[in-house]
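Here is my input, please return the structure:
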Amino acid sequence: MTALSTNSERKAAAETVPATAEDDIPLYEARRQIYPQSVHGRYRTIKWVVLAVTLGIYYLLPFVRWDRGPDAPGQAVLIDFPNRRFYFFFLEIWPQEFYYVAGLLILAALILFLMNAVAGRVWCGYLCPQTVWTDLFMAVERLIEGDRRERMRADAAPWSLDKFAHKALTHSVWLLIAWWTGGAWVLYFADAPTLVVELATFQAPAVAYMSIAILTFTTYALAGHMREQVCTYMCPWPRIQAALTDEYALNVTYRYDRGEPRGSVKKAAALREKGQPAGDCIDCDQCVAVCPTGVDIRKGLQLPCIQCGLCIDACNNVMDKIDRPRNLIAYESEANLEARMAGKPFVQRIVRPRTILYAALIVFACGLMLTALIGRATEGVAAIHDRNPLFVKLSDGSIRNAYTVRLTNKLLESRTFALSVEGVPDASMEVVGDQADSLSIGPDQTREVRVLVTTRDKLPPSTSLPVTFRIRDTSSGLTATVQDHFIGP
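Predicted coordinates:
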């Protein structure tokens with residue numbers, strides 16, 4: 001038996017086999033329980049490090065403090081819905097600056113596209129929250145109930161006190177993790193230490209308890225029970241990824257040119273002594289046993305495969321034991337695999353038009369956001385013209401327009417502004433109830449004032465003049481402007 005050279009040839013060979021009843025694939029397939037086996041190796045270590053770092057950030061970040069001065073929130077990352085603010089360390093995002101959040105989402109999408117172009121579903125295998133929490137839940141299950149064989153044996157055995165105790169402990173720890181996951185989430189929306197005390201003394205808002213309950217249920221269900229079903233059936237990214245990838249993207253791949261034909265260690269050694277082809281794969285199924293989604297990578301790239309690399313670790317451990325070269329399963333591109341099987345030179349193109357484009361777009365997006373942040377104004381002004389009436393004609397023939405002007409102070413200190421109007425000939429301005437040259441605004445606040453603009457100049461019929469409102473910080477001299485219209489008869 002010889003290895004097939006290309007995917008198309010393997011497909012053609014499969015099509016020559018007569019179809020049988022066993023070959024029919026049902027439209028809906030009942031779920032089979034997957035018992036992933038523990039494994040040690042480079043990629044498993046990477047996954048442990050990523051798990052520790054990401055969960056550490058998620059659970060501990062709400063408690064990180066950041067000094068913003070008196071009367072300002074001291075939490076480093078805070079989504080303050082009551083005051084309509086988002087605090088991220090030294091940044092303070094106002095509602096009208098939501099474009100920063102939009103920019104971050106666009107940047108995240110571009111980074112995801114670049115990751116896919118370089119190494120396929122590497123996000124799914126290492127960084128996706130579903131993967132991270134599922135890894136944590138499986139580690140707890142393995143610690144309490146044992147490894148693959150112990151869990152399979154226990155599940156096949158009838159219920160006993162010992163089995164019930166192990167299952168109850170596992171699910172209790174799962175629920176505890178899920179509960180703290182929901183609890184950590186709500187801490188991003190209020191001062192964390194204060195909310196923890198309120199939650200413990202049952203004085204927190206009802207919405208906090210509801211949010212924790214919902215996230216506890218979803219985390220427990222998704223990471224503890226649904227697991228690979230989320231990746232296979234619920235998540236849209238595998239379908240999107242298939243449309244974005246190309247033949248040069250690195251994916252976890254079984255190297256057919258080395259692995260086939262399969263056989264035992266003794267059989268392979270005997271064939272090699274006779275000068276006959278023999279593959280390195282000994283059909284031990286360790287790659288399948290460690291896979292969290294139950295994929296047999298030797299059947300090619302499949303939708304459930306999350307590219308986590310655990311099968312690489314398992315196969316490398318076996319190769320070490322039988323004294324064969326490592327990386328029978330490895331991160332490999334389809335183009336390079338076909339080149340190897342055809343006896344052509346090695347092909348590896350990480351830098352190519354697709355990755356250059358994504359990288360350039362990421363740099364461009366970062367540059368735009370950085371420029372916007374550097375030039376971010378700490379003051380602002382907006383004006384709304386009265387709709388009814390649009391203007392008033394006074395007894396002396398003057399024309400008056402009324403406006404509602406909103407002044408914004410984004411600094412964490414009180415400021416005084418002078419308001420002026422430009423663009424209307426022979427115009428006078430009056431701020432109702434205050435002085436136009438000394439409008440005080442508190443720290444991190446806005447203020448609305450009613451402004452009357454009057455002109456004694458005779459305006460042509462159906463006049464609409466552009467009018468500019470300007471505010472100037474009386475201390476720093478910083479200014480901001482907004483335009484509207486002055487309407488005449």
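
what separates Thr446 from Arg85, distance-wise?
12 Å (Cβ to Cβ, to the nearest Å). Glycine gets a C-beta too; all of them are placed from N, C-alpha and C.

Tell me who's in contact with the residue with the largest distance to the centre of the chain.
Computed with Cα atoms, centre = their mean, the maximum C-alpha offset from the centroid of the chain is found at Asp396, amounting to 63.7 Å. When contacts are counted by Cβ atoms under 8 Å, 6 or more residues apart in numbering, Asp396 is found next to Arg456.

With Pro73 instead?
Here Pro73 is in contact with Asp80, Arg85, Tyr87, Asp191 (criterion: Cβ under 8 Å, 6+ apart).

before we move on, what SS does it have?
coil (DSSP: H, G, I helix; E, B strand; the rest coil).

Give me the phi and psi for it.
Phi and psi for Pro73, reported as degrees, to the nearest 10, are phi -60, psi 140.

can you map out the helices along the stretch 301-450 of the chain?
Counting by DSSP state H, counting those that start in this stretch, the segments of the stretch 301-450 of the chain that form helices are 310-321, 334-341, 353-374.

tell me which element the residue most central in space within the chain is part of?
Centroid check for the chain by Cα atoms, centre = their mean gives Ala108 as the closest residue, at 6.7 Å. For Ala108, the enclosing helix or strand under DSSP states H and E is helix 99-119.

hmm, who's touching that helix?
Counting by Cβ under 8 Å, 6+ apart, the neighbours of helix 99-119 from elsewhere in the structure are 86, 91, 93, 122-123, 241, 244-246, 249-251, 307, 331, 350, 354-355, 358-359, 361-362, 365-366, 368-369, 372-373.

are any of the residues you listed buried, and which?
Among the contacts of helix 99-119, those classed as buried by neighbour count (16 or more other Cβ atoms under 10 Å) are 86, 93, 122-123, 241, 245, 249-251, 307, 331, 354-355, 358-359, 361-362, 365, 369.

ok, now which ones touch Asp296?
By Cβ under 8 Å, 6+ apart, the residues touching Asp296 are Asp285, Cys287, Val288.

quick one on the thing from earlier: let me know the closest of the contacts of Pro73 to Val49.
In terms of Cβ to Cβ, no member of the contacts of Pro73 lies closer to Val49 than Tyr87, at 28.7 Å.

what helices or strands is the helix or strand hosting the closest one leaning on?
With elements delineated by DSSP H and E, Tyr87 resides in strand 85-88, which encompasses its position. Using 3 or more Cβ pairs under 8 Å, 6 or more residues apart in numbering; DSSP states H and E as the contact criterion, the neighbours of strand 85-88 among helices and strands are strand 77-80, strand 91-93.

now those in JSON lines, with mean pLDDT?
Listed next are the helices and strands packed on strand 85-88 as JSON lines, based on pLDDT from 0 to 100:
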{"stretch": "strand 77-80", "mean pLDDT": "93"}
{"stretch": "strand 91-93", "mean pLDDT": "87"}
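
Using TSV, lay out those together with distance to Leu301.
Output for the helices and strands packed on strand 85-88, formatted as TSV (distance: least, Cβ to Cβ, whole Å):
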stretch	distance to Leu301
strand 77-80	38
strand 91-93	41
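
Out of these, which gets nearest to Pro205?
Closest among these, once you apply Cβ to Cβ, is strand 77-80, at 14.0 Å.

re earlier: among the contacts of Asp296, which ones are buried?
In the contacts of Asp296, the ones that pass as buried (16+ other Cβ under 10 Å) are Cys287, Val288.

just to revisit the earlier point, any idea how far Val421 is from the residue farthest from the centre of the chain?
For Asp396, the distance to Val421 equals 19 Å [Cβ to Cβ].

And for Glu145?
Using Cβ to Cβ, Glu145 is found at 75 Å from Val421.

Do you know the pLDDT at the closest residue to Asn317 other than its chain neighbours?
The shortest distance from Asn317 to any non-neighbouring residue, by Cβ to Cβ, 6 or more residues apart in numbering, is to Gly41 (6.5 Å). Reading off the confidence values, Gly41 has pLDDT 94.

Contacts only, for Gly41.
Leu310, Ile312, Asp313, Ala314, Asn316, Asn317.

Apply 10 Å and report the result again.
Lys47, Val290, Gly309, Leu310, Ile312, Asp313, Ala314, Cys315, Asn316, Asn317, Asp320, Arg326 (Cβ atoms under 10 Å, 6 or more residues apart in numbering).

Can you turn the buried part of the residues you listed into a PyMOL selection?
Command for PyMOL, covering only those of these found buried under the criterion 16+ other Cβ under 10 Å:
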select buried, resi 47+290+309+310+312+313+314+315+316
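
Tell me the spacing between Pro73 and Pro95.
Pro73 sits at a distance of 16 Å from Pro95 (criterion: Cβ to Cβ).

Please enumerate the helices of the stretch 1-150 of the chain.
With DSSP H, counting those that start in this stretch as the criterion, the stretch 1-150 of the chain has helices spanning 7-15, 42-60, 99-119, 122, 129-145, 148-156.
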